[in-house]
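Asker: curious how this folds, go ahead:
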Amino acid sequence: MDAQFKPGDRVTVRTNLATGHHRTPAFVQGKTGVIEILHGTFGNPDQGGSAEPQQPLYLVRFDQTHIWNQYDQASNDTILLDLYEHWLEPA
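Answerer: Coordinates of the predicted model:
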């Protein structure tokens, strides 16, 4: 599977994509970040880790002030998360 995104692309995390257990934190759903790295392609752990088709996995950077409503620390603080492509859409 070819990766849809590349480093520097702005992406938004989809909301309500999966029910039950999944590895995408609720606090970033609906938020926009920037692709830092494409790690490669891996089985989707939301479906047991070896489920096909495999998905590209990205490191995505988010500004903390965009994630939390009342973030009172440094304005340039970020959070980095590994997210699978099926959770992301172009921003």
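Asker: contacts for stretch 84-91 next, please.
Answerer: Outside stretch 84-91, the residues that touch it by C-beta atoms under 8 Å, 6 or more residues apart in numbering are 3-5, 9-14, 17, 23-24, 32, 42, 44, 46, 55-58, 60. Just so you know, the C-beta spots here come from the backbone N, C-alpha and C atoms, and that holds for glycine as well.
Asker: from the residues you listed, which would you call buried?
Answerer: 3-5, 9, 11-13, 24, 44, 46, 55-58, 60 (16 or more other C-beta atoms under 10 Å).
Asker: nearest to Gln70, of those?
Answerer: Using C-beta to C-beta, Val13 is the member of the buried ones among the contacts of stretch 84-91 that sits closest to Gln70, with 20.4 Å.
Asker: that closest one touches Ile67, doesn't it?
Answerer: No: the criterion here is C-beta atoms under 8 Å, and Val13 misses it with Ile67 at 10.4 Å.
Asker: need the overlap of contacts for these two.
Answerer: 28, 31.
Asker: who's Asp63 bridged to?
Answerer: Beta bridges link Asp63 to Thr78, judged by DSSP bridges.
Asker: tell me the pLDDT of it.
Answerer: You'll see Asp63 listed with a pLDDT of 90.
Asker: circling back to that earlier point, from the buried ones among the contacts of stretch 84-91, which land in strands?
Answerer: Among those, DSSP state E puts 11-13, 44, 55-58, 60 in strands.
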